[in-house]
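Visitor: quick one, structure for this:
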Amino acid sequence: MNSPVLVNGKFLNQPITGVQRYGHGILSQINSNVEVLAAPEGRLASNYWEQTKLPALLKKRGNPLLINFCNSAPSFYKNQIVTIHDLAVFENPKWFQSPFATYYKLLFKRLAKNARHFVTVSEFSKSEMKRHLNIPEDKITIIHSAIDNRFGELQAIKPRIGDQAFILMVGSHDPRKNFHWVIEHAARHINDLGFQLIIAGNPGAAFSDPNNKDTKSVTWLTNASDTELKWLYQNAELVIHPSLYEGFSLIPLEAASLNAKTLISNIPAHREIVGEQALYFDLDDANSLLNELDKALHGVRRELPHSFSFSESTLKWEQLIYSHLAYE
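Guide: Numbers count the residues shown, from 1 in each chain. Below you'll find the model as predicted:
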């Protein structure tokens, strides 16, 4: 292949969440001849570039195949593969700032009509794409996310949190992560057991404002580095991931890969990706949370059901890219 594969580089300027980690992970492993098209910084500037200047550039270059790893793409461009990680903006728009939800709902609908092919990260998200966007099954390929290999090689560094034993939750301050529900129903119990509850994650402009943050029974740790996050996983008495909705859910896998005990919400993506290698609680039952929390604290650490690697996922991406280039 002489001409490069063109990659939408908008995600490279965005804060790193699970979605961006997917793009970085695939891009770091890919062996194809790729050219990343750089976007300007800033949400409005990058959106404008993606919807206007990027398609114009592609047209000048003969409308080549464009690869999009992270939920967005030029809405009317046809010769592209688009990754959609989940359909949360359809499941509950109130989890997001109204302009963000409106923009992405419209964008996904346009992409569903125009894009050549789609990638998603789980069977659950594939079913959601068929349900909300009516995308045919043969236009969707599942290519899982994975734990970054470099994560395990990092030196763990303790953040400034004191020496008290702790239970950990990780993620953006996104209402669907459901931190406030755990705080409401379990924070006092956790404190009574002698643990502090730590939430490591950052606020995001895309998300609607969650409930007022409890600062008495919870330690909110923002801007934690990957080295600090690794230390937190390794030293937590338990990692709780109470999400209401996920497309893949990387946090339980990261935690389990570092031998942390995990307790997670009983949702389809967790069952699909994590399997029986965690304890589950029911989202509509506070007693289930408390009972399973106590059980998890006294239980054993469990191994991952199977490994997810970016090398394997990247190979699937390359096979998909070559199959589409073959028809050009």
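Visitor: can you give me the helices in this structure?
Guide: 18-29, 43-48, 54-60, 88-91, 98-114, 123-133, 149-153, 179-192, 226-235, 251-257, 268-274, 286-298, 310-325 (DSSP state H).
Visitor: buried residues, the second one. List them.
Guide: Buried positions in helix 43-48, judged by neighbour count with 16 or more other Cβ atoms under 10 Å: 46, 47. (Each C-beta comes from the backbone N, C-alpha and C, glycine too.)
Visitor: next: the fourth one.
Guide: Using 16+ other Cβ under 10 Å as the burial criterion, the residues of helix 88-91 that qualify are 88, 89, 90.
Visitor: relative to residue 191, how far out is the first one?
Guide: By that I understand residue 88. Distance from residue 88 to residue 191, counting by Cβ to Cβ, to the nearest Å: 31 Å.
Visitor: do residue 153 as well
Guide: From residue 153 to residue 191 the distance is 35 Å (Cβ to Cβ).
Visitor: just residue 259 next, same as before
Guide: 25 Å.
Visitor: cool, residue 148 as well?
Guide: 33 Å.
Visitor: those two: which has the busier surroundings?
Guide: Counted by other Cβ atoms under 10 Å, residue 148 and residue 191 do not tie: residue 148 has more neighbours, with 19 against 16.
Visitor: who's in contact with the more buried one?
Guide: 21, 24, 25, 310 (Cβ atoms under 8 Å, 6 or more residues apart in numbering).
Visitor: ramachandran coordinates for it?
Guide: phi -60, psi 130 (degrees, to the nearest 10).
Visitor: show the model's pLDDT score for it.
Guide: At residue 148 the predicted local distance difference test score is 80.
Visitor: ok, so what distance separates it from residue 288?
Guide: Distance from residue 148 to residue 288, by Cβ to Cβ: 32 Å.
Visitor: next up, the contacts around residue 243.
Guide: Residues near residue 243 by Cβ under 8 Å, 6+ apart: 171, 176, 177, 178, 249, 264, 265, 267, 270.
Visitor: switch the cut-off to 10 Å
Guide: Shown in contact with residue 243 (Cβ atoms under 10 Å, 6 or more residues apart in numbering): 88, 169, 171, 174, 176-179, 249, 251-252, 264-265, 267, 269-270, 283.
Visitor: and for residue 133?
Guide: By Cβ under 10 Å, 6+ apart, the contact set of residue 133 is 84, 87, 90, 105, 108, 109, 111, 112, 113, 118, 140.
Visitor: pLDDT value on the third one, please?
Guide: This points to residue 90. 95.
Visitor: I'd like the contacts of residue 148 as a markdown table, with distance to residue 77 appended.
Guide: Below are the contacts of residue 148 laid out as a markdown table (distance: Cβ to Cβ, whole Å):
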| residue | distance to residue 77 |
| --- | --- |
| 21 | 25 |
| 24 | 23 |
| 25 | 24 |
| 310 | 26 |
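Visitor: with those residues in mind, which one is nearest to residue 157?
Guide: Among the contacts of residue 148, residue 21 lies closest to residue 157 (Cβ to Cβ), at 19.4 Å.
Visitor: grab the nearest non-local neighbour of the closest one.
Guide: Computed as Cβ to Cβ, 6 or more residues apart in numbering, the closest residue to residue 21 that is not its neighbour in sequence is residue 148, at 6.4 Å.
Visitor: residues contacting the residue nearest to residue 263 when sequence neighbours are not counted?
Guide: In this structure, residue 263 finds its nearest non-sequential neighbour in residue 296, 4.4 Å apart by Cβ to Cβ, 6+ apart. By Cβ under 10 Å, 6+ apart, the residues touching residue 296 are 167, 237-240, 261-264, 278-281.
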